[in-house]
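Q: next one to model:
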Amino acid sequence: MKPIDELMAEHRLIERMVALIEDPAAKINNTDIAFGRTLVDFLRTYADKTHHGKEEDILFRELGKKHLQAEHQEKLDELLGDHTNARTFVKRLRDAIQGGSGPASEIRLCLRELAKLYPAHITREEKFFYFCPGYFTQAEQDAMLEEFWEYDRKMIHEKYDGVVVEWEERRAETGVPSRAVR
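A: Here you go, the predicted structure:
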């Protein structure tokens with residue numbers, strides 16, 4: 001198995017979730033707050049922190065140590081820009097649905113943009129992935145895979161540590177003292 005194989009398998013799950021945004025058979029109202037919150041959680045945790053995290057913190061980091069052809073460097077920069085755009089729209093979506101009273105027009109805009117961005121990004125990224133193995137030895141690819149697996153093992157702890165911190169901050173903002181369980 002190559003590192004890109006794992007990343008491409010993750011793309012399939014991301015595509016399935018993003019397809020729900022516009023799938024009339026799913027009977028999801030684009031302003032459904034419960035779906036929006038689930039989508040935000042999925043895109044922030046799985047698509048961004050887990051998937052993009054492995055790309056940026058491992059694969060792209062290792063590519064940065066290589067002398068890339070100019071066209072490959074240009075594509076890499078474009079993909080990183082896509083990641084930034086996705087984070088921006090996910091944040092805007094989160095802000096719009098937080099508290100359940102965000103403007104429907106903002107929610108619909110973010111959903112439309114995410115539904116366009118992810119499929120196009122995945123297509124570009126998978127074309128980019130095909131040349132990546134040529135920059136690495138088999139040993140380097142095996143080391144990246146090991147690092148991917150370690151990254152995945154830590155992710156659940158980071159996610160829920162963040163959940164607790166978020167709620168602690170919310171409590172602090174309201175002035176309600178926090179009680180530690182002993």
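Q: any stretches of this protein with poor pLDDT?
A: 23-32, 99-102, 176-182 (pLDDT under 70).
Q: so where's the longest helix in it?
A: Longest helix in the chain, counting residues (DSSP state H): helix 138-174.
Q: buried stuff in it?
A: 141, 144-145, 147-148, 151, 155 (16 or more other C-beta atoms under 10 Å). Quick note: C-beta positions are derived from backbone N, CA and C, even for glycine.
Q: now the residue nearest the centre of the chain: closest residue in space that isn't a chain neighbour?
A: Residue closest to the mean C-alpha point of the chain, counted by C-alpha atoms, centre = their mean, is residue 48 at 1.8 Å. Spatially, and ignoring its direct neighbours in sequence, residue 48 is nearest to residue 87 (6.2 Å; C-beta to C-beta, 6 or more residues apart in numbering).
Q: element containing the one you found, please.
A: Counting by DSSP states H and E, the element that carries residue 87 is helix 70-97.
Q: the next helix or strand after that helix packs against which elements?
A: Tracing the chain past helix 70-97, the next element assigned as helix or strand by DSSP H and E is helix 104-129. Judged by 3 or more C-beta pairs under 8 Å, 6 or more residues apart in numbering; DSSP states H and E, the packing partners of helix 104-129 are helix 3-22, helix 33-41, helix 70-97.
Q: including mean neighbour count and distance to residue 114, could those go into CSV?
A: Listed next are the helices and strands packed on helix 104-129 as CSV, based on neighbours: other C-beta atoms under 10 Å; distance: least, C-beta to C-beta, whole Å:
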stretch, mean neighbour count, distance to residue 114
helix 3-22, 16, 7
helix 33-41, 17, 8
helix 70-97, 16, 5
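Q: picking that back up, ok, now how distant is the residue nearest to residue 48 from residue 75?
A: Counting by C-beta to C-beta, to the nearest Å, the gap from residue 87 to residue 75 is 19 Å.
Q: tell me who's in contact with the closest residue in space to residue 50 that isn't next to it in sequence.
A: Nearest residue to residue 50 in three dimensions, chain neighbours excluded: residue 155, at 5.2 Å (C-beta to C-beta, 6+ apart). By C-beta atoms under 8 Å, 6 or more residues apart in numbering, the contact list for residue 155 reads 45, 49-50, 53.
Q: perfect, I'm done here.
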